[in-house]
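>>> I would like the atomic coordinates for the input below:
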Amino acid sequence: MKRTKYHHGDLRATLMDACLRLIESEGLAAVSLRRVAREAGVSSGAPYHHFADRAALLSALSIDGFQQLATYMTTARAKTTDPLAALTELGDAYVRFSREHPAQFRLMFRPELSQPDKHPDAHAAGDAAFDVLVRTVADCVAVGALPADRADTLAVAWWGLAHGLASLWLDGHLEKRSEQMGTNAPELVDTIMSTFTTLITPGPACA
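Modelled structure (predicted):
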């Protein structure tokens with residue numbers, strides 16, 4: 001059985017999926033190449049054909065996560081021709097990704113585990129995802145909706161807000177608060193992101 005699984009041609013993806021299942025069920029501390037191999041149903045030596053060590057496997061998952069996040073955000077950006085409205089869409093996509101891939105999302109922002117200094121592709125993947133936001137902010141600047149001298153600051157502020165909302169939701173706090181406010185978490189996220197966009201847009205006196 002183990003030899004059959006090893007030779008099915010998709011061992012790398014199988015190991016990555018097994019690692020995510022392990023993280024979701026037992027947490028990051030449970031991850032080792034031996035445990036992942038057992039979860040995947042392959043021999044204990046099989047993971048070493050694709051991953052030199054635990055950090056290499058976690059780095060691969062981090063890279064894959066950022067690539068998926070970039071796809072989520074790019075798809076969201078394409079939903080509207082209004083770059084300001086796109087900022088809200090991006091926020092929804094960011095939080096939705098975290099909800100649909102919680103284990104991977106948490107891992108992506110734990111550099112001490114994936115060791116991006118040893119795996120520069122992880123840095124590149126993260127930068128590529130962030131660049132979707134940067135380009136959208138640049139589009140807002142181009143149409144005069146946001147001030148050019150604050151573009152970088154506003155991009156980081158947006159990221160902080162979206163990431164904070166995602167983390168609060170994953171930890172169960174956002175749903176509890178939204179119920180107290182008489183709404184639900186998805187609607188609250190949308191309202192917060194659209195309110196942020198309104199607040200950062202210069203009024204007539206600042207234009």
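
>>> make it CA atoms for all contacts and neighbour counts henceforth
Fine.

>>> Please give the element, helix or strand, for residue 95.
helix 83-100 (DSSP states H and E).

>>> Other residues contacting that helix?
Outside helix 83-100, the residues within contact range by CA atoms under 8 Å, 6 or more residues apart in numbering are 69, 72-73, 76-80, 105, 133, 136-137, 139-140, 145, 162-163, 165-167, 169-170, 186, 189-190, 193-194, 197.

>>> Have a look at the chain and report the helix or strand with the lowest mean pLDDT.
helix 2-6 (a mean of 42; mean pLDDT, DSSP states H and E).

>>> Return the subset of the contacts of helix 83-100 lying in helices.
Residues of those located in helices (DSSP state H): 69, 72-73, 76-77, 105, 133, 136-137, 139-140, 162-163, 165-167, 169-170, 186, 189-190, 193-194, 197.

>>> out of the residues you listed, which are buried?
By neighbour count, with 16 or more other CA atoms under 10 Å, these hold 69, 72-73, 76-77, 105, 133, 136-137, 139-140, 162-163, 165-167, 169-170, 189-190, 193-194, 197 as buried.

>>> low-scoring pLDDT stretches of this structure, where are they?
For the chain, the stretches flagged by pLDDT under 70 are 1-9, 114, 116, 203-207.

>>> For the closest residue to residue 130 other than its chain neighbours, the count of nearby residues, please.
Spatial nearest neighbour of residue 130, excluding adjacent residues (CA to CA, 6 or more residues apart in numbering): residue 70 at 7.6 Å. Residue 70 has 25 neighbours, counted by other CA atoms under 10 Å.

>>> next one: residue 44
Number of residues near residue 44 (other CA under 10 Å) recorded here: 15.

>>> And it, which helix or strand is it part of?
Under DSSP H and E, no helix or strand contains residue 44.

>>> Please name the residues that touch it.
Contacts of residue 44 (CA under 8 Å, 6+ apart): 33-34, 37-38.

>>> Torsion angles phi and psi at it?
Main-chain dihedrals, residue 44, degrees, to the nearest 10: phi -60, psi -20.

>>> Equivalent analysis for the one 10 residues further on, please.
For residue 54, the backbone dihedrals are phi -60, psi -40 (criterion: degrees, to the nearest 10).

>>> so who does it touch?
Contact analysis of residue 54 by CA under 8 Å, 6+ apart lists 31-33.

>>> would you list the residues you listed in JSON lines and tack on neighbour count?
JSON lines is the format used below for the contacts of residue 54 (neighbours: other CA atoms under 10 Å):
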{"residue": "31", "neighbour count": "19"}
{"residue": "32", "neighbour count": "17"}
{"residue": "33", "neighbour count": "22"}
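
>>> Return the subset of those lying in helices.
Among the contacts of residue 54, DSSP H puts residue 33 in helices.

>>> and which of the contacts of residue 54 is nearest to residue 158?
Each of those was scored against residue 158 by CA to CA, and residue 31 proved nearest at 32.3 Å.
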